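Peer 1: What shape does this take:
(one chain, ligands or ions: 2)
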Amino acid sequence: MCVRDCIIRPEGVERTPHEYVEVIIDTPVQELDRPFHYSVPEDLRDAVEIGSIVLVPFTNRLMLAYVVGFPTRPDVARVRNISRILDEQPLFDFDAQRLCRWIAARYASSLSSAFRLVMPPGRSRKVKQFVSMAVDREKALEMLEDRRTALLDVVEVLSASAQEIEMAALKRHVSASAVSSAVASLEEKGLVKRRFVLTEPAASPAARLAVRASQGASDTFELDKLPTRQRDIMGHLVAHGGMEFQSDLLRVTGASSSSLKSLERKGLVEIVSEELLRQPRLGYGREAQEIPTPNEHQQAAVDRITEALEVKSHGVFLLEGVTGSGKTEVYLRAIERVLALGRSAIVLVPEISLTPQTLERFASRFPGKVAVLHSRLATGERYDQWRGIREGRYSVVVGARSALFAPLSNLGLIAIDEEHEPSYKSDTTPRYHAREVAETRARMSGALVILGSATPSLESVAKARAGIYEHLVLPYRIDNRPMPAVEVVDMKSVGGAGQVPLVSPLLLDALERTIEAGGQAILFLNRRGFSNYLQCHSCGHIMSCDECEVSLSYHRKGDMLMCHHCGKTWNVPEKCPDCGGGPLRQFGAGTQRVEEEVRKNLPGVSIIRMDTDTTTTKDAHGRLLGSFSAGEAQILVGTQMIAKGLDIPGVTLVGVINADTALALPDFRASERTYQLLTQVSGRAGRGLRPGRVIVQTFNPEHPAVRALSGDTDSFIEAELEMRRSALYPPFVDLVNVHITSPDLTAAARSAERMKKILEGDLADTGVTILGPAPSPLSRLRGQYRWHILLKCGDLDAIAGKLKASVGRFYEYAKAFPTGKDVRVYLDVNPASVL
Ligand code: ADP
Ligand code: ZN
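Peer 2: Numbering: from 1, shown residues only. Ligands and ions are numbered 1, 2, ... in the order given. A predicted model of the protein is given here:
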């Protein structure tokens, strides 16, 4: 075996030598999802650290692993040596590895996927195996008494190739399941040999050539004697002094690199390679903004946070402030204190609000200290930001969910803006919630958490009420600007029994007035709503499951209604069960139809439409918003993507086309989301000097989520908490969504039944309620059929280990079936939605 590109030991640091290490192997293989112990060869003992990447032998191959601990004695009788320590600084520290273990346990995810969260961006590597013949074909065939086909196949494929073949490629030629053992036994007989190669990481430190005049060069050369171009270069260097990047220098002087080379040969300049830090753009780079003086409520909040900071204890604040109340200013002031105490801070904002505008507010307040981390940066930029953070060059990190894992030391504060946003829940494994991980990381480092929102999640509300979070309130908008006035239009009374218009006369009239007065309007349509719910046209009642309190989905096939939580089905009733009237109708309309209807009624008005269709190109989003905020259009029609963060002073009217689409989602969070979304959208109106107006169209004007908009928030929160309590939903229980997916419909359905049996066995006597299996509301997604089982448990932490074991048992079972290998089972703990 040979390994390229390894063995480096950090020099000159004294460490306690470690005889044994505990490692996590970097692999998706379920059976290897636990810590393993290895011994450390003498010459590597003082180089190995927590966070070191090592190569370890596993069965008959080499694998990448991360060092997570130093056991005093190994847990196996025959412990093997690690093979190498890779050329890297440790990737994480003791606290980070504790956090990763906590994540894997809490979300019942694999350890290796949890550790990948703290890896530097773009640095993941793989060990590739290459196989080649060690003897010629005839000799090999002669020596093979065992004429199993897989062995022969491997020999034939390898012999036919002039070069070594990668294991993955070999699997395409020879039966994949048999390849590994075939190669192993051929290797044992000395017929083939293997080579292990580490792949290069996607991101590496970048360098740039820089030029300076040699020491004393200006004394020794005579400018006039140099050829023109060389003279220009020297003149420029001497005049400016210091370093110039080679590319800049050549551009400015118009000289070629050969002129530069001859100057180097004459010893007049030095060309050196300088590390280049790729910098993402922070904001527009405009003038620093004026720093406002906090009003009394902001000051009170800052004072409380400051007090808590001084005693360096962990704690969580829920900062509830209406839209435009100045929450960001509170974060900024808190961070100022954190930095003054020599500590560091993380600010999480939803991906969609990571606009230049937001970044600039932080970057201009703390010049040179702010790093950003989010997925739209180039890999190299992200890697450089990450390194800068670890080296202590930055002390404030602003970013999306994943910025939570930034390698900051001495963390003092994590602020989460719009903490109720569903995007804080990861949708890939480990399916963590940023709020929970932030709390845990903060607890481990004795740091504070600030959760900010105009519409806090019910989880946070419940904790604030229980005194677990400290509640801070900003009740008014800055400068006491009024909140927009909300009017609700009851669509039942619009348009008679015939065709209901998309835009009510009241909203049309308001649009017309707004435009006449020189204002701008936003029309919002929630398109994530499914069109397949049934609603009574007389009373607005939406058909829902009496057990699960979620709306029923209408299935044209079989003309029936289904609850996608518990799987029960109903016939479509003739009349509305609520009012005895009807008819029951299907609903749904797109943004495009809204645009058409407005154009028809208000000819000559200019409209911008924003939805997934009009924003396919990379910067369409920014361009459309830019042109709307510049006043180039009077009306903006759009989906969710326009609901948040827009701060356009000209907008005085917001119209919600149909508040019911979100209410009708077959999800226990439907009401909460509706209320949050509508509040966010309303918050776009009247941010400038002119007051705002909001018009909400609905068939459910009495629904608490709708009434909450006009100010009755408390009743809504009460009603919603009560529903969650009685129907057993978070925050009163932990909900686990067990997903079963397969490209094969029958395999998915059967596996779901099987999984249910396994869970029933494993969870007997735990008091866990098991619902389903049922097809998921989105029953087919990207070619996969989706089924799910819902678990409601009083204490998740007590059973998380069991759940992981159940999944393992399922895979054991699935191996025995031909279709089983395409089935995937995964858990989503306290999901953002059960769709
Ligand atoms: P929120 O995050 O609560 O919606 P922001 O923090 O975005 O509110 O504040 C809204 C606007 O008010 C921003 O332009 C901000 O600069 C400004 N602002 C914040 N605090 C004050 C203050 N005390 N005096 C004047 N303007 C303020
Ligand atoms: Zn149900």
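
Peer 1: Next one: the residue nearest to residue 441 when sequence neighbours are not counted from ligand 2, what distance?
Peer 2: Nearest residue to residue 441, sequence neighbours excluded (Cβ to Cβ, 6 or more residues apart in numbering): residue 99, at 5.5 Å. Backbone N, C-alpha and C define where each C-beta goes, glycine included. According to Cβ to the ion, to the nearest Å, residue 99 and ligand 2 sit 37 Å apart.

Peer 1: I'd say residue 99 and residue 440 touch.
Peer 2: Yes. Judged on Cβ atoms under 8 Å, residue 99 makes contact with residue 440 at a distance of 6.3 Å.

Peer 1: and the residue nearest to residue 441, that's in a helix?
Peer 2: Yes. With DSSP: H, G, I helix; E, B strand; the rest coil as the criterion, residue 99 is part of a helix.

Peer 1: Now for it: which residues touch it?
Peer 2: Residue 99 makes contact with 118, 405, 437, 440, 441, 444, according to Cβ atoms under 8 Å, 6 or more residues apart in numbering.

Peer 1: With distance to residue 32 added, can I get the residues you listed in TSV?
Peer 2: Listed next are the contacts of residue 99 as TSV, based on distance: Cβ to Cβ, whole Å:
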residue	distance to residue 32
118	19
405	23
437	24
440	25
441	26
444	27
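
Peer 1: any idea how far residue 265 is from the residue nearest to residue 441?
Peer 2: 54 Å (Cβ to Cβ, to the nearest Å).

Peer 1: Give me every residue in the stretch 151-300 of the chain lying close to ligand 2.
Peer 2: Taking Cβ under 5 Å from the ion as the test, the list of the stretch 151-300 of the chain residues beside ligand 2 is empty.

Peer 1: Show the pLDDT at the one residue in the stretch 201-350 of the chain that gets nearest to ligand 2.
Peer 2: The stretch 201-350 of the chain approaches ligand 2 most closely through residue 350 (31.0 Å), counting by Cβ to the ion. With respect to pLDDT, residue 350 has a value of 89.

Peer 1: pretty sure it is in contact with residue 416, am I right?
Peer 2: No. Between residue 350 and residue 416 there is no contact under Cβ under 8 Å: 9.4 Å.

Peer 1: Common neighbours of the two, please.
Peer 2: What both residue 350 and residue 416 touch, as defined by Cβ under 8 Å, 6+ apart, is the set residue 424.

Peer 1: Can you list the residue ranges for helices in the stretch 251-400 of the chain?
Peer 2: 257-265, 296-310, 327-340, 356-365, 379-390 (DSSP state H, counting those that start in this stretch).

Peer 1: Make a markdown table from these and add distance to ligand 1 to it.
Peer 2: Converted to a markdown table, the helices of the stretch 251-400 of the chain look like this (distance: least, Cβ to the nearest ligand atom, whole Å):
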| stretch | distance to ligand 1 |
| --- | --- |
| helix 257-265 | 48 |
| helix 296-310 | 6 |
| helix 327-340 | 3 |
| helix 356-365 | 7 |
| helix 379-390 | 24 |
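
Peer 1: I'd like those helices as JSON lines, with mean neighbour count appended.
Peer 2: Output for these, formatted as JSON lines (neighbours: other Cβ atoms under 10 Å):
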{"stretch": "helix 257-265", "mean neighbour count": "16"}
{"stretch": "helix 296-310", "mean neighbour count": "17"}
{"stretch": "helix 327-340", "mean neighbour count": "21"}
{"stretch": "helix 356-365", "mean neighbour count": "19"}
{"stretch": "helix 379-390", "mean neighbour count": "21"}
